[in-house]
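Engineer: Model the structure of this input:
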Amino acid sequence: MQNDNSRNTIIFVVIAMIFLLGYSEFVMKPQAERRQAAQQQATEQTTGTSADGGALAASPTAAVFVTDRRAALGAGARVPIQTPTLRGSLSLEGGRIDDLFLTQYRETLAADSPPVELFRPQGMEHSYSALFAWNGPNVPGGVPGPRTPWRLTAGSVLTPTTPVTLTWDNGQGLRFTRVIAIDPQYLFTVTDTVANFGTQAITIAPFGRVERQGVPDHVGGQMILHEGAIGTFGGEDGKFSTQQLKYKDWAKKERVQHTSTGGWLGITDKYWLAAMIPDQSEQIEAEFRVRGGGGTDIHEVNMLGEARTIAPGRQITETQRLFAGVKRNEILTGYQDELNLPRFVYAIDWGMFWFLTRPIFMVVEFFFGVLGNFGLAILALTFVVKLIMFPLANKSYESLSKMRKLQPLMEEIKKKNPDDPAAQQKETMALYQREKINPLAGCLPILVQIPVFYALYKVLYVTIEMRHAPFFGWLRDLSAPDPSTLWTLYGLIPWDPTSLPLVGTILGTNFALGILPIFYGLTMWLQMAMNPPAPDPVQRKIFAFMPLVFTFIMATFPAGLLVYWAWNNILSILQQWFIMHRFKAENPIDTFLARFKKTA
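Structural biologist: Numbering: from 1, shown residues only. Now for the predicted structure:
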């Protein structure tokens, strides 16, 4: 017979296994979405208003990709960009910002790793850039577009203390003066002044675009993470909402449009963001669009501002901004407050359970400020969670202790009614009622832990603060799986068999076990050993096998999660042992200590 406690426990464990297996297979190790490789030709975006005043349009032309960045940058005149956080250049052709590196972040943990690349110039595969232009139908001489030859008239290097000035005259009475400034972090401010020296009034509208050619290999297709188009737009009720469009869904839609007063929009990666920010009092027409051609899609995020008329002898000024940088919580919050940006901090993918994810991040960040180590901060968070759930866990462990003491009586009931399951069930329930035991109480702490586990996983996975965050020893990145491996005898042998073709893939993907997953598995085994044994032999075998199964499953999860879960197991074991010891219930720790005393 299977009593209620064992049956419900095994149902829960099976569901948890299915959940973790699904996460491991479809989230942790998903096959990256690969776009069709360019066939040595790709589309080069040439949208903009022509000299005859036509509206912004696209006319793809064939382009051969170059691999040498210097060759791509040498195609035209440039203005260097140098700040404490950014390094690169902008092209005078179109005034395009298309060459940018994040100097405070490296691609890998290696000492010689290059800085993270954000923008990439046209002419190279997966080019990525931002552009501000004008839209002016029927304007004699045209308005600035992607091919406009701007002239540098003030400044030589764009720095936080030295803005640069660009000018362009359309030859028909319109003079455009652009001042580009940058702050010490990641915000570009583009101020355009348009003067009408002609004899007729003209009507134009500001335009901005962030565009990316194809989808780079480093951009994944994980279910838990959003990468692609993103924007926050105001509705008719005046409330703002954040809209997202993943690359795979973006490719299926020719055009997605939003009308908003204020807000922001751009393209987001896991840790990085390029977002255009209009004047928050101006109404904009926003557009997410994909253009195909040459075998590679071009993803566009377009922003068209309000049209304005410039009378002869008058001028107007328009200010637009570009955030091109790192999605750090405090940085986004700072710009959100400074510029009155709606929901800018939600450029970080907090997920649908943001009400859990953000507070947990705040707690971890607080403890990091105190302890100076994110691993220690996770341990402190675990301790706080255990304190909050202490009363619930106490009742649960008291119930488990009582059940463990009742095991002999339950065995007698089973022997007394060997062929009558209904009688066994009835007498067992009566025993529970007499002893005031809730068979489901043992599952409650685990059920409460699941939302915390998910939220912490989300925090570790999407926040830049956790990227390359070390703990101690070999754990140099809490957002990545434990790098130690069984196949190198944890560093004792100088070669790694997982580097071998085919065999190495099988070993590395399916059987790589680091030190931390093994330690986690041992704590799980000890915690399960503290619980009352299932009366059914099959259940006992399944439960005995569970720690081994979860050890392999959890080996692919970020090390920070294993630090959390193993430490949580240790605290649970100590709390459960104290209660079981007080109730004089049999448990493996007391049994071990008794044997140790005898041998000593």
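Engineer: Tell me the helices and strands packed up against the host helix or strand of residue 330.
Structural biologist: Assigned by DSSP states H and E, residue 330 falls within helix 329-339. The contact analysis (3 or more C-beta pairs under 8 Å, 6 or more residues apart in numbering; DSSP states H and E) places helix 329-339 against strand 315-326. Backbone N, C-alpha and C define where each C-beta goes, glycine included.
Engineer: what about the strand it packs on, distance to the chain center?
Structural biologist: 26 Å (C-alpha atoms, centre = their mean, to the nearest Å).
Engineer: That one pairs with which strands?
Structural biologist: Using DSSP bridges, strand 315-326 pairs in its sheet with strand 187-196 (antiparallel), strand 272-277 (antiparallel).
Engineer: Out of these, the one nearest residue 88 is which?
Structural biologist: Checking these against residue 88 by C-beta to C-beta gives strand 187-196 as the closest, at 11.3 Å.
Engineer: Go ahead and name everything in contact with that closest one.
Structural biologist: 97, 130, 132, 134, 173-183, 202, 204, 206, 310-325, 335 (C-beta atoms under 8 Å, 6 or more residues apart in numbering).
Engineer: So which residues of the stretch 251-400 of the chain form strands?
Structural biologist: 255-261, 264-268, 272-277, 283-291, 298-304, 308-310, 315-326 (DSSP state E, counting those that start in this stretch).
Engineer: just to revisit the earlier point, among the contacts of strand 187-196, the buried ones, what's the ChimeraX command?
Structural biologist: Applying 16 or more other C-beta atoms under 10 Å to those, the buried members can be selected in ChimeraX as follows:
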select :97,130,132,134,173,174,176,177,178,179,180,181,182,202,204,206,310,318,320,321,322,323,324,325,335
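Engineer: Might you list the low-confidence residue ranges for the stretch 501-600 of the chain?
Structural biologist: 501-512, 534-536, 600 (pLDDT under 70).
Engineer: now swap in the chain and tell me
Structural biologist: 1-64, 220-221, 293-295, 438-446, 486-512, 534-536, 600.
Engineer: how far away is the residue of it positioned farthest from its centre from residue 408?
Structural biologist: When each C-alpha in the chain is compared with the mean C-alpha position (C-alpha atoms, centre = their mean), residue 416 comes out farthest, at 57.6 Å. Separation of residue 416 from residue 408 (C-beta to C-beta, to the nearest Å): 13 Å.
Engineer: what's the answer for residue 199, then?
Structural biologist: 105 Å.
Engineer: could you list every residue that touches residue 206?
Structural biologist: Applying C-beta under 8 Å, 6+ apart to residue 206 gives the contacts 132, 134, 135, 192, 278, 304, 305, 318, 320.
Engineer: Now do the SS call for residue 454.
Structural biologist: When classified by DSSP: H, G, I helix; E, B strand; the rest coil, residue 454 comes out as helix.
Engineer: Can you show me the CA trace of stretch 415-428 as CSV?
Structural biologist: Output in CSV follows, covering the C-alpha atoms of stretch 415-428 (Å, rounded to 0.1, in the frame of the first residue of the first chain):
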residue,chain,number,x,y,z
LYS,A,415,1.1,-6.5,8.4
LYS,A,416,-2.3,-6.6,10.1
ASN,A,417,-4.2,-5.9,6.9
PRO,A,418,-1.9,-7.3,4.1
ASP,A,419,-4.7,-7.9,1.6
ASP,A,420,-7.0,-5.0,2.5
PRO,A,421,-5.6,-1.7,1.1
ALA,A,422,-8.8,0.1,2.2
ALA,A,423,-8.4,-1.0,5.8
GLN,A,424,-4.7,0.0,5.7
GLN,A,425,-5.7,3.5,4.4
LYS,A,426,-8.4,3.9,7.0
GLU,A,427,-6.2,2.9,10.0
THR,A,428,-3.3,5.0,8.8
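Engineer: List the buried residues in it.
Structural biologist: With burial defined by 16+ other C-beta under 10 Å, the residues of stretch 415-428 counted as buried are 417, 424, 425, 427, 428.
Engineer: What is the nearest of the residues you listed to residue 112?
Structural biologist: Using C-beta to C-beta, residue 428 comes nearest to residue 112 of the buried residues of stretch 415-428, at 65.8 Å.
Engineer: Show me what the host helix or strand of that closest one is packed up against.
Structural biologist: Element membership for residue 428 (DSSP H and E) is helix 421-435. On a contact count with 3+ C-beta pairs under 8 Å, 6+ apart, helix 421-435 meets helix 4-23, helix 407-416.
Engineer: same thing but at 6 Å, please
Structural biologist: helix 407-416 (3 or more C-beta pairs under 6 Å, 6 or more residues apart in numbering; DSSP states H and E).
Engineer: Going by neighbour count, list what's buried in the helix it packs on.
Structural biologist: Applying 16+ other C-beta under 10 Å to helix 407-416 flags 410, 413, 414 as buried.
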